[in-house]
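Enquirer: Compute the structure for the input listed below.
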Amino acid sequence: MSEELAEKLKSETALTNLDGFDTYTDESEVSEQEDFAPSIRVIQGERINFTKQGTWVGANKQPLPSNLTLLVHEVLRVVQKWGTDGMPAEDPIILGPNEKWPDVDAMNEKCPKSEWRMYFNELIGPYQKQKIVYFWDPTITMKKYTWATSSNSGMACVGDLVEKIKMMRAFKKVKAYPIVTLGSLLWSIGIGTKSPPSSFLIQLWMMRSGPSVP
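Expert: Presented below is the predicted three-dimensional model:
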């Protein structure tokens, strides 16, 4: 390849990279806040929840479509401090790669009882473990969803899903992401409550390089 042609291709590539999408940001160097507001956005896109009735609902509290398929994009582990009003009291502590959970019970014991709050008829400390799962709608919309969970069943659900992703990546030797549907199962026979599935219902695996695997 001639020097002239190489320089032309380099110039064209540079122009393509300046389309503004890959380098776009809304962040500001100045942050003016009269009252506390978390600077770290844990919830991205639409927040979805799993009700006690065993239904997945969106931000409008309406059930999500039963045929909704979502790509599991990312998972976070955080420790959130809550105020007595049920709102975040400070930025979440985001755990890093391979970082162990801190002793949340000890963190709560150090807090004055005035910071504790009632949660499902139980007085609990302000610090709480949470697992955050980010989804993308892999269709034309590319809409983003966030599911935050702190319940025993939800935490186990996320752990089970992560284990399956690790197994697939180790087996295929490639970065794989599952496309799932949302379901539920009976968590407690005694009281008849439902939980998120022990694993999301995986429909397809998307590979970062190579074909998808059903």
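
Enquirer: Tell me how far Leu123 lies from Thr84.
Expert: Counting by CB to CB, to the nearest Å, the gap from Leu123 to Thr84 is 11 Å. C-beta here means a position set from N, CA and C on the backbone, and glycine is covered the same way.

Enquirer: Same drill for the two, tell me which one is more crowded.
Expert: Thr84 (12 against 9; other CB atoms under 10 Å).

Enquirer: what secondary structure does that one sit in?
Expert: Per DSSP: H, G, I helix; E, B strand; the rest coil, the secondary structure class of Thr84 is coil.

Enquirer: In contact with it, which residues are there?
Expert: Ser114, Glu115, Trp116, Arg117 (CB atoms under 8 Å, 6 or more residues apart in numbering).

Enquirer: at 10 Å instead, please
Expert: Residues in contact with Thr84 (CB atoms under 10 Å, 6 or more residues apart in numbering) are Ser114, Glu115, Trp116, Arg117, Met118, Pro126.

Enquirer: correct me, but Thr51 touches Val57?
Expert: Yes - taking CB atoms under 10 Å as the definition, Thr51 is a contact partner of Val57 at 5.9 Å.

Enquirer: and for the two, which residues touch both?
Expert: With CB under 10 Å, 6+ apart, Thr51 and Val57 have common neighbours Pro63.
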